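>>> how would this look folded up:
(one chain, ligands or ions: 1)
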Amino acid sequence: MTEIALAVENLSFAYGAKKALDAVSFKVQSGECTILLGPNGAGKSTLFSLITRLYDAREGRIELCGFDIKKQSLQALARLGVVFQQTTLDPDLSVTQNLRYHAALHGIGRKAADKRIQEELERLAMFERRGEKVRQLNGGHKRRVEIARALLHRPSLLLLDEPTVGLDMPSRQAIVSHVHDLVSQQNLAVLWATHLIDEIAADDSLIVLHKGQVKASGKLSEILHTTGWADPGQVFQKLTQGSQA
Ligand SMILES: Nc1ncnc2c1ncn2[C@@H]1O[C@H](COP(=O)(O)OP(=O)(O)OP(=O)(O)O)[C@@H](O)[C@H]1O
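Have a look, this model is predicted:
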């Protein structure tokens, strides 16, 4: 059965007079990687700030696994794991220390925490580096630790805000492939914000955001089938650069 991990309904948000999101609606399903594709200024970070409750929207509604993030925020946020654009690991602590700290914040006991830390680090091929200080890791490895950390409390939805920015190609490819493995093996829902077309896999879902509005959403294969466009690059170009169908 498909479950809806995230439902966003008619969401609008403005910074003063500047409208950043305009009646945005979409759904993210469990077991799917949904790519939130939009050029700079499309509203991706604003949307993530609303889902994580950094800001509150006056118009619209957000549900995580059926829980309204305003009315049932504890239940809703417990189901959410987030990797922000800026790293938030403590560089002077080891990988394990960073993860234990996060587990403690979520009320996970030491024994259970260590078991989960091992599982998540092994899944991301980082267990060998568990004793290293975070400042010794390269950018790609830091990202993997952040993903492991975001998964420790077993969320249903993982939000990734441009997680590959600043990484070299092999590190980017490793992250893309690790996240897709997680989705298929753990029935996790992923919402991945990016402006990089080559991070989209053939069976991903896609939300194209432009100037605060959803221009298309659904399975990439269905969007290509309906529009007749060749690939995600053409979808992006048609929907965000003027001449559109
Ligand atoms: N604090 C703010 N005050 C005023 N306007 C803002 C603020 N933050 C964002 N905006 C504006 O809101 C719109 C959406 O910005 P947002 O950062 O959400 O887009 P984005 O898709 O995340 O872009 P990027 O890929 O560059 O991070 C843009 O026009 C931006 O200039």
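
>>> Would you mind listing the buried residues in the lowest-mean-pLDDT helix or strand in the chain?
Counting by mean pLDDT, DSSP states H and E, the weakest-scoring helix or strand in the chain turns out to be helix 169-186, with a mean of 89. Residues of helix 169-186 classed as buried by neighbour count (16 or more other CB atoms under 10 Å): 171, 172, 174, 175, 176, 178, 179, 180, 182, 183, 186. C-betas here are computed from N, CA, C, even on glycine.

>>> Just after that helix, pick out the following helix or strand.
strand 189-194 (DSSP states H and E).

>>> which parts of this structure sit against the ligand?
15, 18, 20, 38, 40, 41, 42, 43, 44, 45, 46, 195 (CB under 6 Å from any ligand atom).

>>> What is the neighbour count of the last one?
Looking back up the chat, that one is residue 195. Close neighbours of residue 195, defined as other CB atoms under 10 Å, add up to 16.

>>> Does the nearest residue to it once chain neighbours are set aside lie in a helix or a strand, and which?
If you skip the residues right next to it in sequence, residue 195 has residue 39 as its closest partner in space, 5.7 Å away by CB to CB, 6 or more residues apart in numbering. Under DSSP H and E, no helix or strand contains residue 39.

>>> and residue 39, what pLDDT?
Looking at residue 39, its pLDDT stands at 91.

>>> again with the one 5 residues further on
As predicted, residue 44 sits at a pLDDT of 94.

>>> which residues touch it?
By CB atoms under 8 Å, 6 or more residues apart in numbering, the residues touching residue 44 are 36, 38, 161, 162, 193, 209.

>>> Roughly how far does the closest residue to residue 142 other than its chain neighbours sit from the ligand?
Leaving out its chain neighbours, the residue that sits closest to residue 142 by CB to CB, 6+ apart is residue 87, at 5.7 Å. For residue 87, the distance to the ligand equals 16 Å [CB to the nearest ligand atom, to the nearest Å].

>>> Likewise for residue 164?
From residue 164 across to the ligand, the span is 13 Å (CB to the nearest ligand atom).
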